[in-house]
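1. quick one: sequence plus predicted model below, questions after.
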Amino acid sequence: MSGDAPPVACRPVAPADAGAITQLFSANSVCRGCWCMHWRVEKGGKTWNACWGEPNRRTFLKLLKDGRVQGSLAFAADKPVGWCNFGPREDFPRLKRSRVLAYKAAPDTWSINCFFVAAGWRKRGIASGLLKSAMETAFERGARVLEAYPTPQRQGQDLVAPFAWTGTRALFAKAGFKPSGGNERVWVKRRAKR
């Protein structure tokens, strides 16, 4: 990426952003199959395999059109370069089934559960901008607690992008998240008291 790259701006997703999301996800084979539906499909295995690709795309774009997708998009000029998925915890039934992420969530808990930054745009602070946008939007829309699931990593370990799709501990720590008391894999941040 050259030093004269356009600045990146992050904002909440809107139903009219179907084209931008399609452009962003179509450039990556994993996104092209998942379409940010991983946490929305209750079960893995055969159920998940049956949804992979086109069924996920159709379902995700319908949810987006109906205003039922929460997320933040990052743009460099008019080009979409990053995505962060979030929303009320109830929107993500797979969380309830996850043994690794088992946790008794407080009322009005929202989940920040997926990041994607396009190749060539990584390690430029885009994930931090997406997280900031997600936090502000979630708190404005009624979240009292934000929950995240940073990818475990050893000291000094550099994670490759496909393994950091839920974010890193450093990313969330910098934003004020802390491990929850109930599960060290679940990190939380509470809305500031007004």
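-> Alright, I've got the coordinates.

2. for stretch 137-154, which positions count as buried?
-> 137-139, 143, 145-150 (16 or more other Cβ atoms under 10 Å). C-beta coordinates here come from the backbone N, C-alpha and C atoms, glycine included.

3. and these as TSV, adding secondary structure and distance to G44?
-> As requested, the buried residues of stretch 137-154 are exported to TSV (DSSP: H, G, I helix; E, B strand; the rest coil; distance: Cβ to Cβ, whole Å):
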residue	secondary structure	distance to G44
T137	helix	28
A138	helix	26
F139	helix	31
A143	coil	26
V145	strand	26
L146	strand	24
E147	strand	20
A148	strand	20
Y149	coil	15
P150	coil	20
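
4. could I get those residues as CSV with distance to L101 and pLDDT?
-> Converted to CSV, those look like this (distance: Cβ to Cβ, whole Å; pLDDT from 0 to 100):
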residue, distance to L101, pLDDT
T137, 22, 98
A138, 18, 98
F139, 22, 97
A143, 18, 97
V145, 15, 97
L146, 14, 98
E147, 9, 97
A148, 10, 97
Y149, 6, 95
P150, 11, 93
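
5. wait, which of those residues is closest to T109?
-> Of all the buried residues of stretch 137-154, V145 has the smallest distance to T109: 4.4 Å, by Cβ to Cβ.

6. just list the residues touching the spatially closest residue to M135 that is not a sequence neighbour, thanks.
-> The spatially closest residue to M135, leaving aside those adjacent along the chain, is L146, at 6.2 Å (Cβ to Cβ, 6 or more residues apart in numbering). When contacts are counted by Cβ atoms under 8 Å, 6 or more residues apart in numbering, L146 touches 86, 109-112, 135, 138-139, 177, 188-191.

7. quick one: buried ones out of the residues you listed?
-> Buried among the contacts of L146 by 16+ other Cβ under 10 Å: 86, 109-112, 135, 138-139, 177, 188-189, 191.

8. just give me the closest of these to C51.
-> S111 (19.1 Å).

9. what bridges to the closest one?
-> Note on S111: beta-bridge partners by DSSP bridges are G87, E147.

10. before we move on, back to that, what distance do you get for the residue nearest to M135 to N28?
-> Here L146 is placed at a distance of 25 Å from N28 (Cβ to Cβ, to the nearest Å).
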